[in-house]
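K.L.:
Just to be clear, the model below is a prediction. Sequence and coordinates:
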Amino acid sequence: MAAAASLTDVTVRRSGKDLLRTVSLEIGEGERWAVLGPNGAGKSTLTRLLAARLHPTSGTVGILDETLGKVDIFELRPLIGLASQELAETIPAEETAENVVVTAGYGVVGRWREEYDAVDLERARTLLAAFGVGDLGERMFGTLSTGERKRVLAARALMTDPELLLLDEPAAGLDLGGRESLVRTLGRLAKDPATPVTVLVTHHVEEIPPGYTHVVLLREGEIVEAGPIEQTLTSQNLTRTFGLPLVVEQRGERFTARSLSLN
Ligand SMILES: Nc1ncnc2c1ncn2[C@@H]1O[C@H](COP(=O)(O)OP(=O)(O)O)[C@@H](O)[C@H]1O
Ligand SMILES: [Mg+2]
């Protein structure tokens, strides 16, 4: 089966700096990937490539049987669900949560412009409910808490029934209860075979939902290690990724990491 996404020797260079350097990665059908790495490692750059929002300086990016640079990105983008801070910042504060979700189906962020199909509204409401914010549909996006916004954005990312789901730091800024509840929802999604190939960015191993199958570790624009989660998310690899001595522990399907005594 063709890969859902594949990067071959991809470099992204800006202002003389390599944000990603000779990155090769293959993401297969049905897989759920976590992207881990410190701030500035290139995680969001990788996400923007996979979202067809950025072209590589060199190398090849294949997404859903198409190749960036050879495909009309406006045909490709509806097949990709994206939730990111960058996207959140484009949403007008006065937009209702329900509109934020339903407009994904129309490839826009912005105000209610046309009559939306009843079936689309129903789907938007179902998705909001699935993320535990079913009662906030009428609320203005700008009045929602960080955690509520994250949930609305995740619902929006799934609205178009995408073939590739990209979540860039979906749990950033949430309190413990909010994080655990979101991780549980994302874990349920991960285990549902109907859920598309998913790539989730985080810097905390605690935020990797149950059911995630693979991990890619990034440091300074390069892949430290990538592969099946059990073999790849090791103390040694995480230590190399974050540049300090770390111990990874797994309990059930959840992970924790802490630094070894530094003295
Ligand atoms: N246009 C740009 N010019 C120069 N540096 C950039 C540009 N865009 C991003 N960067 C830098 O590239 C690095 C990687 O960014 P990013 O992919 O957002 O990292 P992450 O999401 O892992 O924190 C960061 O150090 C960031 O400051
Ligand atoms: Mg980032």
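P.N.:
Yes, it's here. Ligands and ions are numbered 1, 2, ... in the order given.

K.L.:
shaky segments in the stretch 51-200 of the chain?
P.N.:
Scanning the stretch 51-200 of the chain with the threshold set as pLDDT under 70 gives 105-115.

K.L.:
That one: strands as residue ranges?
P.N.:
Along the stretch 51-200 of the chain, counting by DSSP state E, counting those that start in this stretch, strands occupy 58-63, 66-67, 80-83, 164-168, 197-202.

K.L.:
Switch those over to JSON lines, and while doing so, append distance to residue 245 and mean neighbour count to every line.
P.N.:
The C-beta positions use only the backbone N, C-alpha and C, and glycine is treated the same way. Converted to JSON lines, the strands of the stretch 51-200 of the chain look like this (distance: least, Cβ to Cβ, whole Å; neighbours: other Cβ atoms under 10 Å):
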{"stretch": "strand 58-63", "distance to residue 245": "33", "mean neighbour count": "18"}
{"stretch": "strand 66-67", "distance to residue 245": "41", "mean neighbour count": "14"}
{"stretch": "strand 80-83", "distance to residue 245": "33", "mean neighbour count": "24"}
{"stretch": "strand 164-168", "distance to residue 245": "28", "mean neighbour count": "25"}
{"stretch": "strand 197-202", "distance to residue 245": "20", "mean neighbour count": "24"}
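
K.L.:
Select, out of these, the one closest to residue 174.
P.N.:
Closest to residue 174 of these, according to Cβ to Cβ: strand 197-202, at 11.3 Å.

K.L.:
Just give the closest residue to the residue nearest the centre of the chain, not the sequence neighbours.
P.N.:
Per Cα atoms, centre = their mean, the C-alpha nearest to the average position across the chain is that of residue 167, at 1.7 Å. Once flanking residues are discounted, residue 167 sits nearest to residue 200: 4.5 Å by Cβ to Cβ, 6 or more residues apart in numbering.

K.L.:
give me the beta-bridge partners of the one you found?
P.N.:
residue 34, residue 167 (DSSP bridges).

K.L.:
right, and it touches residue 170 too?
P.N.:
Yes. Look at residue 200 against residue 170 with Cβ atoms under 8 Å: they come within range, at 6.6 Å.

K.L.:
Common neighbours of those two, please.
P.N.:
By Cβ atoms under 8 Å, 6 or more residues apart in numbering, residue 200 and residue 170 have these common neighbours: 186, 207.

K.L.:
pretty sure residue 57 contacts residue 13?
P.N.:
Yes. Applying Cβ under 8 Å as the test, residue 57 and residue 13 come out as touching, 4.4 Å apart.

K.L.:
Just the CA coordinates for stretch 150-169, please, in PDB.
P.N.:
Extracted in PDB, the C-alpha atoms of stretch 150-169 (Å, rounded to 0.1, in the frame of the first residue of the first chain):
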ATOM      1  CA  LYS A 150      -8.200  23.400  21.400                       C
ATOM      2  CA  ARG A 151     -11.200  21.000  21.400                       C
ATOM      3  CA  VAL A 152     -13.000  23.100  18.800                       C
ATOM      4  CA  LEU A 153     -10.000  23.200  16.600                       C
ATOM      5  CA  ALA A 154      -9.600  19.400  16.800                       C
ATOM      6  CA  ALA A 155     -13.300  19.000  15.900                       C
ATOM      7  CA  ARG A 156     -12.700  21.400  13.000                       C
ATOM      8  CA  ALA A 157      -9.700  19.300  11.800                       C
ATOM      9  CA  LEU A 158     -12.000  16.300  11.400                       C
ATOM     10  CA  MET A 159     -14.900  18.100   9.800                       C
ATOM     11  CA  THR A 160     -14.000  17.400   6.200                       C
ATOM     12  CA  ASP A 161     -13.500  13.700   7.000                       C
ATOM     13  CA  PRO A 162      -9.800  14.100   6.000                       C
ATOM     14  CA  GLU A 163      -7.400  11.300   4.900                       C
ATOM     15  CA  LEU A 164      -4.600  12.800   6.900                       C
ATOM     16  CA  LEU A 165      -5.100  14.400  10.400                       C
ATOM     17  CA  LEU A 166      -2.400  16.800  11.700                       C
ATOM     18  CA  LEU A 167      -2.500  18.100  15.300                       C
ATOM     19  CA  ASP A 168       0.200  20.500  16.200                       C
ATOM     20  CA  GLU A 169       0.400  20.700  20.000                       C
END
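
K.L.:
Having no further points to raise, I will conclude here.
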